[in-house]
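J.: how would this look folded up:
(2 chains)
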Amino acid sequence: MSAILYTNIASGWKLCTSSSFSQGTLLGVLSQSFHTTQVVGKVQSGRYKITRNRSKPLTYEMANQPCQIAHRKSWNSWNTTSLYEGQREPETVVEDIFIRKFMTGTWHNLFVSEVVIKRQHNTIRIAGIVQQKIAARKMYFLIGYCEEILSYWLKCPVKLELQTVSDKTDVIHKYI
Amino acid sequence: MSVNLSSRTSIRLLHSLMKRSSVYSTGILHHGLTTSSQLSTDKIIVPNRIPRSSTAILEALASTVSRDTSGPHYKYHDDPYLTPASNLVKRTFSLSKEAGRKAARCIRDENASLFTHRPDDPFIEDFFPKTSYTEESNVSEETLHDLIQKCSVSDAITVYHICKSKAVELSDKVRQELLELVSYYNCEDPLDKDWVEERWYRQGVLTVRKTWKDNGLAEELFESLSNRGPAAYSALIRGMAQYLQVDRAWQLYQECREKDIPLDAHTYNSLIRVASYLRDAFELRWQLELLTTMAESGIDPNLGTLNSTLEALGQVASWRQARQISLQVLAEFNSLGIQPSLASYYYLLTIHCRERGPISHILIDILDHIEGKEFSSLDVARRVDDLLHTGSNYDLIGDSYKESIYYRHYFGLACSSLTIDDFMLLYQELVPHIYTPEPGVMGEVLRSVGVQEAFEYLPQLWSDMIVFDHTNQERLVTLVLSALSKYRPSQEQEQLTRQLADIAWDIWTRVQGQDETRRQKVSWTGQMIGDLITTLVYCGEYGKASEVMKEANTNAHNVLGAIPITSLHTLNEVAVDKKDADIAVSIVIYALDAGHQEAGEMAKQLQSKLTLSTQNRAKLSSVFGSELLSSP
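T.: Numbers count the residues shown, from 1 in each chain, chains lettered A, B, ... in the order given. Down below sits the predicted model:
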């Protein structure tokens, strides 16, 4: 019986449940001879796949893996929620997601960097790099609009700290 | 926590001790070692606690930050692309940002139901959507009172009408409050305090006409009051006086006197201010009457009385006695112990310094008085500038228009009285972030650069002109060119020579490449072309100069007037030196066409110094005749 289980691990459970073994025997069999593969241990998040012709552009931030945070690059969210007795952790996370979506959506196709959110006391500072694709006065309109509406939404003073680049390629660190 | 606290206090103690010891040690250094024995005998005196406001630290911090002249104003974004230079761009950027803020507010107020979450603790009202009131709203006297406290005039009026239609009982107290509010604001909403830029860039129009809303809500409220006391009369009279419904205000004032209702000093002040608008009010009959009534009814005049009296005098400043009386008034108030404020000095200036009047030195006297010091015209301007930058006096400058007028005059005066080097120090400090010179001021600067031959400043001025969008101003371009033409290069100034040649060539390409459809265009004059040629020749750009000459020759109809002979000579000499017969011949022909007497002389010279081709000889002989050329 154990030979069947051994050779057909993938369909083993189906077989077990459809067969008319008693529960007791089954558990005994499993504890002795149920085998799994080793843990792959592969971490995927924050890493980019290399293309065959090395044409995928990466910013400095993307080029450094998450393990480089605090070594070669910095955090994208600055707050004290994760410190001892830090408050509003879930709210802050959700708000940050909202701010990022709002910024990239309002500055449509203009952000060429991550949106960095820094909280100090009751103030939120939002930093990032945008392209000079729209007139400077339109940027000023968007700055005023974003600061004000985010203030109304988050109920605290919000400030934008943007920098501009004339070309998208200015922020590209390397191609992979 | 207790450990923490005690450690903190001990640190504080240590700190204060260290401070003291450092003070003492410097004392020892100053007074010699003899004082060291005093160290042990001196007692530590703990100063009394000074009560501070909750914002005292913020104010102290803010006072350490002054206007940074090396960068744009703090309201602009710190990025080269978003840094404004010209006046127009500065205005556009600030107003765009505010427009964005307005859009956001509009979205919030139109979708008020979406913004009602309240994570803030304590509750911040400014982030919360504004409540709008309709006929269905549940209102009470309390609501009205709150709105009056917040100075929202239109909402208060709406709520008042709702209360009236719903027959909500309103007390005389709240009616009086509302009366005060609507009389002060003339039933109109003031510009929101949040829109700083709009206020700053608003064209200050001074209306000198009646704007009071007759039979408006203010008067209705006044009638509805069951007991019309001094407060009600005061509020209405002040409102009417402020919005220049002078006759009615005067009528109410007479009514008060008949009914023996006492009025306060502020109401008298408001009446004194506008009394000259009354019919047959000249000679200050009414002001005097008001002042004597004040004295009779035992009301102490205050600073406001002084200022209103002086303002009223300012309105009749053309009157000969106004100056004398104003000084008498000042002296009299001084004896009453009322010190004049900056506003009083302003009115004194309007009375004493008039365009068509004798020159008055009152400004210097005033400055001496304010500063308590002695000091010529630029010194005075400097002092005025210092006064402006004292404390929060800068807040008094008003709006952008007044600020630019201020700097225009300051620059104009500095430019005419300082040497160019000193002036450029001032220029570098204020331009472009604090002040962008208008074309008129730029003209003055360029003229003095030309007169004082300070060519080293021309590259900077020209690049500023490009940024400020002044390059299409014909007058300014002419001034730049005339300044450039005076330049004579020397060996050590190679770099400057190159820069100036670049400027000259830049002017040429810019003017040549102008958009034909532009309204404001620079059109060449003979003088400009002449200056341009001179500059290019002296800067060693003969090729470019001859190109300009060719263009001027072929498109002579685009050039107003003739190129002056000196420039033609300059170019001709170099052309002869370089044996460029074609250009030399064309110059001579141009000179003849332009009617210069020297053309014949030049042609002879040409013939003697150059060997001309048959083609050029034919050209010359066709205009001068063959006898001129053949004669020795």
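J.: any idea how far B:Leu336 lies from chain A?
T.: 48 Å (C-beta to the nearest C-beta, to the nearest Å). Backbone N, C-alpha and C define where each C-beta goes, glycine included.
J.: Please apply the same query to B:Asn111.
T.: Distance, B:Asn111 to chain A, by C-beta to the nearest C-beta: 10 Å.
J.: Over to B:Tyr233?
T.: From B:Tyr233 to chain A the distance is 43 Å (C-beta to the nearest C-beta).
J.: What of B:Ala275?
T.: Using C-beta to the nearest C-beta, B:Ala275 is found at 45 Å from chain A.
J.: residue ranges with poor pLDDT in chain A?
T.: Applying pLDDT under 70 to chain A picks out residues A:1-32.
J.: Try it again at 90.
T.: Chain A contains residues with pLDDT under 90 at A:1-47, A:86-87, A:121.
J.: Write out the residues of it neighbouring chain B.
T.: Proximity of chain A to chain B, by C-beta under 8 Å from any C-beta of the partner chain, involves residues A:91, A:132, A:136-149, A:151-156, A:160-164, A:166.
J.: Could you turn the buried ones of the residues you listed into a PyMOL selection?
T.: Command for PyMOL that selects the buried part of the residues of chain A next to chain B, burial taken from 16 or more other C-beta atoms under 10 Å in any protein chain shown:
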select buried, chain A and resi 132+136+137+139+140+141+142+143+144+145+146+147+148+149+151+152+153+154+155+156+160+162+163+164
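J.: Provide a list of residues in contact with the nearest residue to A:Lys168 once chain neighbours are set aside.
T.: Here the nearest residue to A:Lys168 in space, its sequence neighbours aside, is A:Val112; by C-beta to C-beta, 6 or more residues apart in numbering or on different chains that works out to 5.5 Å. Each residue near A:Val112 by C-beta atoms under 8 Å, 6 or more residues apart in numbering or on different chains is listed here: A:59, A:129-131, A:165, A:168, A:170-171.
J.: now with 6 Å?
T.: A:129, A:131, A:168, A:171 (C-beta atoms under 6 Å, 6 or more residues apart in numbering or on different chains).
J.: so how far is B:His117 from the second one?
T.: Right, A:Gln131. 33 Å (C-beta to C-beta, to the nearest Å).
J.: more crowded one of those two?
T.: A count of neighbours by other C-beta atoms under 10 Å in any protein chain shown puts A:Gln131 above the other of A:Gln131 and B:His117, at 18 against 10.
J.: who are the neighbours in contact with that one?
T.: A:110, A:112, A:168.
J.: My read is that the first one contacts A:Val130, right?
T.: Yes. With contacts defined as C-beta atoms under 6 Å, A:Leu110 counts as touching A:Val130 at a distance of 4.4 Å.
J.: So which of these two has more stuff around it?
T.: Taking other C-beta under 10 Å, A:Leu110 and A:Val130 do not tie; A:Val130 has more neighbours (23 against 20).
J.: and that one, what are its phi and psi?
T.: phi -120, psi 160 (degrees, to the nearest 10).
J.: Next, the contact list for it, please.
T.: A:Val130 neighbours (C-beta under 6 Å, 6+ apart): A:107, A:110-111, A:162, A:164.
J.: can we see that at 7 Å?
T.: Applying C-beta atoms under 7 Å, 6 or more residues apart in numbering or on different chains to A:Val130 gives the contacts A:107, A:110-112, A:162, A:164.
J.: Tell me the secondary structure at the closest residue to A:Asn79 other than its chain neighbours.
T.: With C-beta to C-beta, 6+ apart as the criterion, A:Asn79 has its nearest non-adjacent residue at 4.2 Å, and that residue is A:Arg119. Per DSSP: H, G, I helix; E, B strand; the rest coil, the secondary structure class of A:Arg119 is strand.
J.: Report how many residues lie close to A:Arg119.
T.: A:Arg119 has 19 nearby residues by other C-beta under 10 Å.
J.: do the same with B:Arg320
T.: By other C-beta under 10 Å, neighbour count at B:Arg320 equals 6.
J.: Likewise for the one 5 residues further on?
T.: Counted with other C-beta under 10 Å, the neighbours of B:Ile325 add up to 17.
J.: Same check on the one 10 residues further on?
T.: Under the neighbour criterion other C-beta under 10 Å, B:Ser335 is assigned a count of 8.
J.: Then B:Pro80?
T.: B:Pro80, neighbours per other C-beta under 10 Å, totals 10.
J.: State the distance from it to chain A.
T.: 8 Å.
J.: Then B:Cys151?
T.: 21 Å.
J.: can you pull the contacts of that residue?
T.: Contacts of B:Cys151 by C-beta under 7 Å, 6+ apart are B:Leu181.
J.: If we use 10 Å, what do you get?
T.: B:181, B:184-185, B:189-190, B:193 (C-beta atoms under 10 Å, 6 or more residues apart in numbering or on different chains).
J.: Helices - which of these land there?
T.: B:181, B:184-185 (DSSP state H).
J.: Quick check: nearest residue in space to A:Ser55, chain neighbours excluded?
T.: Nearest to A:Ser55 is A:Tyr175, by C-beta to C-beta, 6+ apart, at 6.0 Å.
J.: so what's that neighbour bridging to?
T.: A:Pro57 (DSSP bridges).
J.: so how far is chain B from it?
T.: Here the criterion is C-beta to the nearest C-beta. By it, A:Tyr175 lies 26 Å from chain B.
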